[in-house]
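A.B. asks: only geometry, no sequence info:
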Ligand code: GN1
Ligand code: MG
């Protein structure tokens, strides 16, 4: 690690570094030096992100765009260049690292401590989408092709079922069947997109609560993190991914399913924040289909977790046996609870829009 760190232009000398954050994909470290300034080092998962050069070009350009729009240095990530002026360092074995400024005074929450935390994260992601609205989408590399193409996620699930690489299919057959029962619905939003009825926007694509940093003291939004999947996408999916994570009463990997519920209160809070920040720029159909975004992003995660379980846990970091299976179960339970709240989910959207 020290050998990697010395490739970046840091102030001071490194005292120590430690694992940092709760991401499932990249590896993240906090770097402490003998100066007050701290840094965040990330190793990019090149198994997931095949085009690291394209990803880093996106990353640098998106950060620069955000900094141009908002001069407060704490409101967007800042890359620390390598000693030879590059955005990232590639080791001889092809491992890819980037360094960022640590933003002091912020928190990334793994669960909301109050509905207001969700309202603020809604504001942050809605605001992000507004700031990115004039960004030339066709200059962005597609860092993961078909990332939120829900029918394609089902296609990959079918591949995982057919291959049964980890020999786990027999033990989860009923659950796989329950998931396949939803396949018809998976294309609801992508079809509207293909028909030109929903617009393609520059979206974040990974809007879970712990990907936004809130000010520790005021709990107002500081900075949106995890910019690796900023790509053209659907507004409803940004809305929906935040709901699937933040409007659940339990953690993504809770094992006691009786604790996993959809929280109407949290849903309303996020909706208020999100729509107050970007509601006026959405089309009527985008607004109307936001609940679909929530249901389908939750379903998509269920599909991805199950596929990874069948593939032998090769994509998401796992920390215990059947971790992806546990994650799958919470997501499917949430989809079902959203169905019980389906009319209410639409009512809330209408009410919040009317108040705005
Ligand atoms: C991953 O990187 P992280 O942990 O913020 C994943 C998201 C999933 C999420 C599930 C690049 O996000 O798509 O929704 O886990 N990111 C990627 O928690 O696949
Ligand atoms: Mg993350």
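C.D. replies: Yes, it's here. Quantities reported herein were computed from a predicted structural model and do not represent experimental measurements. Ligands and ions are numbered 1, 2, ... in the order given.

A.B. asks: for the spatially most central residue of the chain, helix, strand, or coil?
C.D. replies: Closest residue to the average C-alpha location of the chain: residue 206 at 1.6 Å, with C-alpha atoms, centre = their mean. With DSSP: H, G, I helix; E, B strand; the rest coil as the basis, residue 206 sits in coil.

A.B. asks: and it, its phi and psi?
C.D. replies: phi -150, psi 70 (degrees, to the nearest 10).

A.B. asks: so what's it scoring on pLDDT?
C.D. replies: We have a pLDDT of 97 for residue 206.

A.B. asks: which residue is the nearest non-sequential neighbour of residue 111?
C.D. replies: Closest residue to residue 111 apart from its sequence neighbours, by C-beta to C-beta, 6 or more residues apart in numbering: residue 251 at 6.5 Å. In this view, the C-beta of every residue, glycine as well, is placed from N, C-alpha and C.

A.B. asks: now swap in residue 152 and tell me
C.D. replies: That would be residue 146: by C-beta to C-beta, 6+ apart, it lies 4.3 Å from residue 152.

A.B. asks: the one you found: neighbour count?
C.D. replies: 13 (other C-beta atoms under 10 Å).

A.B. asks: how many neighbours does the residue nearest to residue 111 have?
C.D. replies: Neighbourhood size, residue 251 [other C-beta under 10 Å]: 15.

A.B. asks: which SS class is it?
C.D. replies: Applying three-state DSSP to residue 251 yields a three-state assignment of coil.

A.B. asks: can I assume it is in contact with residue 112?
C.D. replies: No: contact criterion C-beta atoms under 8 Å: residue 251 and residue 112 do not qualify, at 11.6 Å.

A.B. asks: please verify my assumption that residue 97 contacts residue 91.
C.D. replies: Yes: using C-beta under 8 Å, residue 97 is in contact with residue 91, at 7.5 Å.

A.B. asks: neighbour count winner among the two?
C.D. replies: Ranked by neighbour count (other C-beta under 10 Å), residue 97 and residue 91 place residue 97 first, with 22 against 12.

A.B. asks: for the nearest residue in space to residue 131 that is not next to it in sequence, give its distance to residue 243.
C.D. replies: Nearest non-adjacent residue to residue 131, counting by C-beta to C-beta, 6+ apart: residue 69, 4.9 Å away. As judged by C-beta to C-beta, to the nearest Å, residue 69 and residue 243 stand 26 Å apart.

A.B. asks: where do the domain boundaries of this structure fall?
C.D. replies: Using automatic domain parsing, the domains assigned to the chain come out as 2-104, 115-355.

A.B. asks: now the strands for the stretch 151-300 of the chain?
C.D. replies: Assigned by DSSP state E, counting those that start in this stretch, the strands in the stretch 151-300 of the chain fall at 201-203, 212-215, 221-224, 231-233.

A.B. asks: what average pLDDT does the third one get?
C.D. replies: The one in question is strand 221-224. Rounded mean pLDDT across strand 221-224 is 96.

A.B. asks: and the contacts of it?
C.D. replies: The contact list for strand 221-224 (C-beta atoms under 8 Å, 6 or more residues apart in numbering) reads 66, 74-77, 103, 105-106, 120-121, 123-125, 127-128, 204, 211-215.

A.B. asks: can we see that at 7 Å?
C.D. replies: Residues from elsewhere that reach strand 221-224 (C-beta atoms under 7 Å, 6 or more residues apart in numbering): 74-77, 103, 106, 120, 123-125, 128, 204, 211-215.

A.B. asks: close to ligand 1, is it?
C.D. replies: No: figure legend: strand 221-224 not in contact with ligand 1 (C-beta under 6 Å from any ligand atom); closest approach 11.7 Å.

A.B. asks: since that was my last question, I'll sign off now.
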